[in-house]
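>>> Provided below for reference: sequence and predicted model.
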Amino acid sequence: MDELAALRRRRGLPASRTHPRQIMEAVYEAGSVSLSPDETLSRIVAAQLHRMGLLLVEEITPEGGLRPLAPDTMANARLRPWRVSRPAIAGGLAGEPDAVGAAV
């Protein structure tokens, strides 16, 4: 964790954008969030949450389409932006915002 903190200080990234809870709250409130290729720490956290099944990560293609990313293909998808959304749980639709606008 010390390496992540050092990288965050060097790059000047806000801690709130790289903390798993803050990313989860942003995604569950908005339904989906896009991550640019230069948001390395946020992408690392999103990939970890994706592996746990808490988020759905898709690559945004040049045509504007979405390509689902498997956990083993995420390392190769560093050049394009990602769309991070909430997975379809309990009959809900993937990417649908929470009813109250916050993670529960």
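Yep, it's here.

>>> Please identify the helix or strand for residue 47.
Here residue 47, judged by DSSP states H and E, is contained in helix 40-51.

>>> so what secondary structure elements neighbour that helix?
Under the contact definition 3 or more C-beta pairs under 8 Å, 6 or more residues apart in numbering; DSSP states H and E, helix 40-51 sits against helix 2-11, helix 15-18, helix 20-30, strand 32-35, strand 56-60, strand 82-85. C-beta coordinates here come from the backbone N, C-alpha and C atoms, glycine included.

>>> Return the member of the ones you listed having the minimum mean pLDDT.
Among the helices and strands packed on helix 40-51, helix 2-11 carries the lowest mean pLDDT, at a mean of 54.

>>> Check what pLDDT residue 39 gets.
Per-residue pLDDT puts residue 39 at 88.

>>> Which residues belonging to the helix holding residue 47 are considered buried?
40-43, 45-47, 49-50 (16 or more other C-beta atoms under 10 Å).

>>> Next: stretch 53-67.
Quick answer for stretch 53-67 (16+ other C-beta under 10 Å): 54-60.

>>> Please apply the same query to stretch 67-76.
Buried positions in stretch 67-76, judged by neighbour count with 16+ other C-beta under 10 Å: 69, 74.

>>> avg pLDDT for that stretch?
When pLDDT is averaged along stretch 67-76, the result is 81.

>>> gap between the two ends of it?
Length of stretch 67-76, first residue to last, C-alpha to C-alpha, to the nearest Å: 13 Å.

>>> likewise stretch 65-75?
19 Å.

>>> quick one: residue 43 and residue 88, what's the gap?
When distance is defined by C-beta to C-beta, to the nearest Å, residue 43 is 22 Å away from residue 88.

>>> any idea how far residue 76 is from residue 25?
As for residue 76, its distance to residue 25 is 29 Å (criterion: C-beta to C-beta).

>>> Spit out the contact partners of the closest residue to residue 69 other than its chain neighbours.
Leaving aside its sequence neighbours, residue 69 sits nearest to residue 57 (C-beta to C-beta, 6 or more residues apart in numbering; 5.0 Å). Counting by C-beta atoms under 8 Å, 6 or more residues apart in numbering, residue 57 touches 46-47, 50, 68-69, 74, 82-84.
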